[in-house]
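Chemist: I would like to see how this sequence folds:
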Amino acid sequence: MEKALFGAGCFWGVEETFRKIPGVVKTEVGYTGGHTLNPTYQSICEGDTNHVEVVLVEYDNKIISYDKLLNHFWKCHDPTTLNRQGPDIGTQYRSAIFYFDDNQKKLATESKINFAKENNLIIVTEISQLSDYYKAEEYHQKYIQKTGLHCAV
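Modeler: Numbers count the residues shown, from 1 in each chain. Sure thing, here's the model as predicted:
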């Protein structure tokens, strides 16, 4: 199994999107990319932690490749808006890819360049090495499945 980590706006809808992809065996929502130790949802929403709401994707690379996950990432949100996805505004909603190794960094960078060129877009997605990752509170995990609510992504 391999892992990927994406920030594409509110993590509830993004998790639901990735959870349904064949080859994805597990998803989990959390926080990364900021400076606050052990952030909470409340501290994230206050906007001063600089953490991103992210989805940790565990996948079977014999069924789906990292490249194909990147394709889903680009299509499930608007990577041209800085610190905003739909009605959600703030640094916690920024578009971001956090890589686990140099190969993921290379593939993410190439994918970003190609997506921008193919679609004639200016992409603001950050690509950063993963440092600390914090699992979000349990009530956020599989939120859409638990509540039946819908979320714009």
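
Chemist: how about the helices in this protein?
Modeler: Using DSSP state H, the helices found in the chain span residues 11-19, 41-46, 66-75, 102-119, 143-147.

Chemist: in the shortest one, what's buried?
Modeler: What that stands for is helix 143-147. residue 143 (16 or more other C-beta atoms under 10 Å). Quick note: C-beta positions are derived from backbone N, CA and C, even for glycine.

Chemist: same check, this time on stretch 3-11
Modeler: Within stretch 3-11, the residues that count as buried by 16+ other C-beta under 10 Å are 3, 4, 5, 6, 7, 8, 9, 10, 11.

Chemist: which secondary structure elements does the helix or strand of the chain with the lowest mean pLDDT contact?
Modeler: Least confident helix or strand, the chain: helix 143-147 with a mean of 90, by mean pLDDT, DSSP states H and E. Applying 3 or more C-beta pairs under 8 Å, 6 or more residues apart in numbering; DSSP states H and E, one finds that helix 143-147 contacts helix 11-19.

Chemist: Next one: the nearest residue to residue 60 once chain neighbours are set aside from residue 16, what distance?
Modeler: Excluding the flanking residues, the one nearest residue 60 by C-beta to C-beta, 6 or more residues apart in numbering is residue 23, at 5.1 Å. According to C-beta to C-beta, to the nearest Å, residue 23 and residue 16 sit 16 Å apart.

Chemist: returning to what we had before: and the helices of the chain: which comes nearest residue 95?
Modeler: In terms of C-beta to C-beta, the element of the helices of the chain nearest to residue 95 is helix 66-75, at 8.7 Å.

Chemist: who's in contact with that closest one?
Modeler: 2, 4, 6, 8, 17-18, 21, 23-24, 57, 59, 97, 104, 107-108, 111, 115 (C-beta atoms under 8 Å, 6 or more residues apart in numbering).

Chemist: That one: which residues count as buried?
Modeler: Across helix 66-75, burial judged by 16+ other C-beta under 10 Å covers 66, 69, 70, 72, 73, 74.

Chemist: Give me the average confidence score over that helix.
Modeler: Averaging the model's pLDDT scores along helix 66-75 yields 98.

Chemist: measure stretch 62-70 end to end?
Modeler: One end of stretch 62-70 sits 16 Å from the other (C-alpha to C-alpha, to the nearest Å).

Chemist: gap between that stretch and the chain center?
Modeler: How far stretch 62-70 lies from its chain's middle: 15 Å, per C-alpha atoms, centre = their mean, to the nearest Å.
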